[in-house]
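*Asks:* Could you work out the structure for the sequence below:
(2 chains)
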Number of protein chains: 2
Amino acid sequence: MTTHTMRRPAIQLTITVFALLTAASATSQTPSSFSRSDLTAAQALLQRAQSDSTAYQLAESLTTEVGPRFSGTLGDRAAVAWAQEQMRRLGFENVHTQEVDVPQWVRGEAEFAVLEPWPQPMPSLALGGTVGTPNAGVEAEAVMVKDLAALQALPAGAVKGRIVFFNNPIERRRDWAEYSRAVSVRGGGPTAASALGAVGVVIRSLSTSSQRFPHTGGSRQPQDVPRIPALAISNPDADALQRQFASGRTVRLRIKSTARELPKQRSANVIGEIPGTDLAHEIVILGAHLDSWDVTVGAIDNAAGVGIVLTAAHLIQAQKLKPRRTLRVVLFANEENGSAGSRAYAAAQEQNLANHVLGIEADYGAGPVWQFSTRVNPADVGVIDQMYRVLRPLKMDRGTNEAPGNADLSPLVAKGMPILGPELDGTYYLDVHHTANDTMAQIDPAAIRQSAATFAVGVWLGAQYPGKWQRLPPKPPRP
Amino acid sequence: MTTHTMRRPAIQLTITVFALLTAASATSQTPSSFSRSDLTAAQALLQRAQSDSTAYQLAESLTTEVGPRFSGTLGDRAAVAWAQEQMRRLGFENVHTQEVDVPQWVRGEAEFAVLEPWPQPMPSLALGGTVGTPNAGVEAEAVMVKDLAALQALPAGAVKGRIVFFNNPIERRRDWAEYSRAVSVRGGGPTAASALGAVGVVIRSLSTSSQRFPHTGGSRQPQDVPRIPALAISNPDADALQRQFASGRTVRLRIKSTARELPKQRSANVIGEIPGTDLAHEIVILGAHLDSWDVTVGAIDNAAGVGIVLTAAHLIQAQKLKPRRTLRVVLFANEENGSAGSRAYAAAQEQNLANHVLGIEADYGAGPVWQFSTRVNPADVGVIDQMYRVLRPLKMDRGTNEAPGNADLSPLVAKGMPILGPELDGTYYLDVHHTANDTMAQIDPAAIRQSAATFAVGVWLGAQYPGKWQRLPPKPPRP
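*Replies:* Take a look at the predicted model:
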């Protein structure tokens, strides 16, 4: 999951206001209900999904047989081949790829050390897309601030020629609210610090873990200020660095990074379908990104999501169900490091957007789903209630109609496509995402099974909906 | 805590047999009791210790202001300076160092990758003292075995020219029994594999954690077979490698290590005392090792132990208590990588061993103490019961008279010195020991406070014992 997925307060407000504005027209629609046979099939699907371990097995296969698959690398190519093979094995039709140009950012090595008052090295990771340092590294006095607002509040010249340490802890939560608040530091910290004359940035990782893993992640690349190197350190090291500042003595840091950008590479979105019947031209799209960060096998981010969406579509077919609408699974390229796959898909489908009638995306770990949120036209909230009644045995709350959604479908959502947005439990997600520690040990087989079951039922009923999925008005572009 | 600390089944048996043999002579001693005033003072000491955070603060200071302190490095020198400074600050007398020659093993970089069937790199750490590979690394087919017995059971020639993967998981326990069982692989695996013609070794870390940290640790250096490189990988990676073997296909591995041995360096044991009164020539020795592994700030291994023993002695003085016997704190050099400090101390005190009347050592994390074990002459078990009655409010079991003890005092124990052996809760110890993840985040302030309180009371009463601490017969040398 990338930076911009998470910046949503303004968007949520927009949705809320919009919901009020459209309520009048919405209620003029005749509410539709699922047929009894579709609901019975949904219950049988739920039963089957609850004893099916395909999603876990797929995540295990992807992490074991492919492993790291950072976009533009050989691992990424292996993942694209793996995905096509799995789709064919699982009985998908129209399996194909859509080629995408992706950035080729090379991490190289990062070194971070406190030089004064008490020298010690600390493990670090460069933020994605950042520049390296000169070979000798960068040594400078450091200034500690909490966040961007605190940086801006410093006296003029306070960070000129210095390294800025952003020390902004986040709290453990089931939802994404804390991450949403703190991600501005990772995304915008280097640019803001550079604009004030800083020569480097170190951030406390966006992490809820006390384990000593730095978290990488994307960082916006400035247009009009010099690019400066930026590293992340783990929470326990940020605590230790904070203690060095607390001594009241001058803190000097050394950072070194050999990160660099090379010419673009080719990657691909991988697409496969379960064809529809009478409404085959209408597409219910299931999205998940196939790529991972370079330092990890990407189990919860996002082999889990790949497993969930493949399994949801597969189970429907395995139950010999014939969806009215076409189920299209898109495994997106390059979500972590630029979202080129997402943009390329939306661009290629520009003339076909109206046929993307409903979406669902898996990019927040393995679950379980704790609330069944959506972002659908208010006219269709009634059938969501019916869906939820089928799902309730899976032990989740009803959720809201302001689902946050994830990154790869966001261009389609921006054009008014409604989504099912089951919210996966993120209590421990931010302990491991974007770290080397994102391994299969982090996936609970029962949790991912529940998530795949939720997606399967949601998608099946979404494909069968006897009414027409009403679109939403276009969203304003993100700030 | 090193390898040989943990190999104890034979020793335990010896102690048990010995206890039976000496019971007769032991009972001829007149049992002694602590004076009422000493017991009252012990209770007040316990009270004070329960609200004292010196041990935690010392561990925080050592890990923050010194950090990694692998013996022979600059960090080690800084630790020796830090220890003397702290002892003086805390009011110890006769603060001095004992110089020690220590090995200078340099880890360099380790690389580990699966080449076939499914290529992927995995984080690894060289085992301490092992040799490096040629610059090009070593590539070979791999053979997976559980442990040394399984290795020996293979057909002749099965590992010749191959890399041996020792895949021996351990279970989470409060005591050290599992580690004791499994450490033979780390200690003896490379030698055993080399003797059969293997070209390299990879082990599943001796770890109870599902986090992706490889654990380093000492490995015995073979005398009569070629030294071969040996790396450890984390539990989740060992699981992933096991899945590659489970495919039934040939597994090929690549290992590279630039580990090497340089000429010896100087380090030092740091010694300080709270002088005794009428029995000042008798020494109650409190031991903990000051060094850490190179990859870690060594919070639970062993800044915690350093904090516990310094605090125990300090609190006695801070309570204005005048111990009859001298309390001597020895912070040992080079426990992790050779135990040169322990051997040097025992050698220097050879003529004074009989005056080391009682010992206590802290080298198993921060606690809490879950049982108050000892290894004293059966004649003195009665006063241990009295000690325990004072300690009981700290919520621990009575323990056994077969305390395992730790490494640095073992040469003195081998010569018959009795010890108090409070057993610290090791439930999570093996999650983090010998990893980069051994940070202050792993120390529970309440746990270390309880441990320091236990040590303070034990040492105070040990110093006041109105009788004579009976020695034990020498232990046979370790196999």
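*Asks:* is it fair to say A:Ala42 lies in a helix?
*Replies:* Yes - according to DSSP: H, G, I helix; E, B strand; the rest coil, A:Ala42 belongs to a helix.
*Asks:* unless I'm mixing things up, it is touching A:Gly462, no?
*Replies:* No - applying Cβ atoms under 8 Å as the test, A:Ala42 and A:Gly462 come out as separate, 10.5 Å apart. The C-beta positions use only the backbone N, C-alpha and C, and glycine is treated the same way.
*Asks:* quick one: stretch A:269-279 to chain centroid distance?
*Replies:* Chain-centre distance of stretch A:269-279: 23 Å, with Cα atoms, centre = their mean, to the nearest Å.
*Asks:* what comes up buried for that stretch?
*Replies:* For stretch A:269-279, the neighbour count (16 or more other Cβ atoms under 10 Å in any protein chain shown) marks A:269-274, A:276, A:279 as buried.
*Asks:* Make TSV from the residues you listed and add distance to A:Ser292, pLDDT and secondary structure to it.
*Replies:* Shown next, in TSV, are those (distance: Cβ to Cβ, whole Å; pLDDT from 0 to 100; DSSP: H, G, I helix; E, B strand; the rest coil):
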residue	distance to A:Ser292	pLDDT	secondary structure
A:Asn269	15	98	strand
A:Val270	14	98	strand
A:Ile271	19	98	strand
A:Gly272	20	98	strand
A:Glu273	25	98	strand
A:Ile274	26	98	strand
A:Gly276	31	98	coil
A:Leu279	35	98	strand
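*Asks:* so where does the spatially closest residue to A:Tyr465 that is not a sequence neighbour fall, helix or strand?
*Replies:* Leaving aside its chain neighbours, A:Tyr465 sits nearest to A:Val383 (6.0 Å; criterion: Cβ to Cβ, 6 or more residues apart in numbering or on different chains). Using DSSP states H and E, A:Val383 sits within helix A:381-391.
*Asks:* just checking, next helix/strand downstream of that helix?
*Replies:* Following helix A:381-391 in sequence order, the next helix or strand is helix A:410-414 (DSSP H and E).
*Asks:* what ranges do the helices span in the stretch 51-200 of chain A?
*Replies:* A:54-61, A:74-89, A:148-152, A:177-195 (DSSP state H, counting those that start in this stretch).
*Asks:* for the last one, packing partners?
*Replies:* Translated: helix A:177-195. helix A:148-152, strand A:163-166, strand A:200-204, strand A:230-233 (3 or more Cβ pairs under 8 Å, 6 or more residues apart in numbering or on different chains; DSSP states H and E).
*Asks:* who does the third one touch, helix- and strand-wise?
*Replies:* This means strand A:200-204. So strand A:200-204, by 3+ Cβ pairs under 8 Å, 6+ apart, packs with strand A:138-145, strand A:163-166, helix A:177-195, strand A:230-233, helix A:235-246, strand A:252-257.
*Asks:* Recalculate using a threshold of 7 Å.
*Replies:* Applying 3 or more Cβ pairs under 7 Å, 6 or more residues apart in numbering or on different chains; DSSP states H and E, one finds that strand A:200-204 makes contact with strand A:163-166, helix A:177-195, strand A:230-233, strand A:252-257.
*Asks:* Note down every partner strand of that strand and its orientation.
*Replies:* Using DSSP bridges, the strands paired with strand A:200-204 in its sheet are strand A:163-166 (parallel), strand A:230-233 (parallel).
*Asks:* so which of the ones you listed gets nearest B:Asn235?
*Replies:* When the strands paired with strand A:200-204 are compared by Cβ to Cβ, strand A:230-233 sits nearest B:Asn235, at 24.0 Å.
*Asks:* contacting residues around that closest one?
*Replies:* A:110, A:112, A:122, A:124-127, A:130, A:189-190, A:200-205, A:214-216, A:219, A:255, A:257 (Cβ atoms under 7 Å, 6 or more residues apart in numbering or on different chains).
*Asks:* how about the CA coordinates for it, as PDB?
*Replies:* What follows is strand A:230-233, C-alpha atoms only, in PDB (Å, rounded to 0.1, in the frame of the first residue of the first chain):
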ATOM      1  CA  ALA A 230      16.200  10.100   3.200                       C
ATOM      2  CA  LEU A 231      16.400   7.000   5.400                       C
ATOM      3  CA  ALA A 232      14.000   5.300   7.900                       C
ATOM      4  CA  ILE A 233      15.100   3.800  11.200                       C
END
